[in-house]
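Student: can you look at this prediction? I've put the sequence above it.
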Amino acid sequence: MSGFDALVEGHYPLALRLHAPEGARRLLVLLHGVGGHEGNLTALASQAPADTAVALVRGPLTIGPGQFAWFRVAFTAQGPSIVPEEAERSRRLLIHTLGQLRAELQLGAEAVTIAGFSQGGILSASVALTDPSAATAFAILSGRILPEIGPYIAPNDALRSTRAFVGHGRFDQKLPVAWAERSRELLERLDVAHEVNLYATEHVLCPEMANDFHRWHAQGVGASRAETLRD
């Protein structure tokens, strides 16, 4: 994959960097974690298939120099406490951004995968589970599914074509591995085809997780409902 275009601001609802090869058959949208920026997942993007357009999207909240987020969060003894209005605004902005990208690239939702690390994975699930017309595949890389999106989740029938990948560190102290189990339970209830992989690591996007994600993405199916435990 060649380099990304310069940061595009003002054209889409969210700022982003785009690599769009001529005749792209698929679109991969990657979202960074809280306090990061759109360049954080460049290495992950570099492994995408040659026929895939890749968008690296920047979160709408500035929380420091070169640091962005999708919503503010505090980690308490009772678990993460978020600003739900900010998460909802980011979800809507992403849906509009994906719609514009799909129109420009002339791709249907079945050709779109949205994925991200930590908070980026959270928003990926929020988009794909509430609006399957935006993307039919999503990946949560060391993230979770927000309970707050419950009222907005699409009916099971509407999610029939949706596919999910969940990767999580077994020793993650920021978002304990129980969140991966909660994601698996919800995806089973929704009858969403999914794959859950656990790794002997902390709150990081480890090489093994990246490799498994690309294997799943390249297959274009991710249709296995099996759970893989990796030590």
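Tutor: That came through, no problem.
Student: what's near enough to touch the residue positioned nearest the centre of the chain?
Tutor: The centre of the chain sits closest to A115, judged by C-alpha atoms, centre = their mean, with a distance of 2.4 Å. By C-beta atoms under 8 Å, 6 or more residues apart in numbering, A115 lies in contact with 28-31, 121, 124, 138-141, 165, 213, 217. In short, each C-beta sits where N, CA and C put it, glycine included.
Student: also V204?
Tutor: The contact partners of V204, by C-beta under 8 Å, 6+ apart, come to 142, 169.
Student: tell me the spacing between it and H32.
Tutor: Remark: distance between V204 and H32 (C-beta to C-beta, to the nearest Å) = 13 Å.
Student: overlap of the contact sets of the two?
Tutor: When C-beta under 8 Å, 6+ apart defines a contact, no residue borders V204 and H32 alike.
Student: can you report phi and psi for the closest residue to G64 other than its chain neighbours?
Tutor: Excluding its sequence neighbours, the residue lying closest to G64 (C-beta to C-beta, 6 or more residues apart in numbering) is G35, at 7.0 Å. Main-chain torsions, G35, degrees, to the nearest 10: phi 80, psi 0.
Student: one more: D51?
Tutor: phi -90, psi 20.
Student: let me know the pLDDT of the residue lying closest to it once chain neighbours are set aside.
Tutor: In this structure, D51 finds its nearest non-sequential neighbour in R25, 4.5 Å apart by C-beta to C-beta, 6+ apart. You'll see R25 listed with a pLDDT of 94.
Student: please apply the same query to L229.
Tutor: Value for L229, per-residue pLDDT: 41.
Student: heads up, I number from 28, so please use that
Tutor: Fine by me, first position is 28 from now on; the one you just mentioned is L256.
Student: please report how far G63 lies from G143.
Tutor: Shown here: G63 relative to G143, a distance of 10 Å by C-beta to C-beta.
Student: so the two - more neighbours on which side?
Tutor: Neighbours were counted for G63 and for G143 using other C-beta atoms under 10 Å; G143 has more, 32 against 21.
Student: would you indicate which residues of the helix ranked longest in the chain are buried?
Tutor: Among the elements of the chain assigned as helix by DSSP state H, the one spanning the most residues is helix 111-132. Burial within helix 111-132, assessed by neighbour count using 16 or more other C-beta atoms under 10 Å, is assigned to 113-115, 117-118, 120-122, 124-126, 128-129, 132.
Student: ok, those vs L45, which is closest?
Tutor: When those are compared for distance to L45 (C-beta to C-beta), L128 wins out at 7.8 Å.
Student: correct me, but the closest one touches L54?
Tutor: Yes: using C-beta atoms under 8 Å, L128 is in contact with L54, at 6.1 Å.
Student: what sits against S108?
Tutor: So S108 contacts 100-102 (C-beta under 8 Å, 6+ apart).
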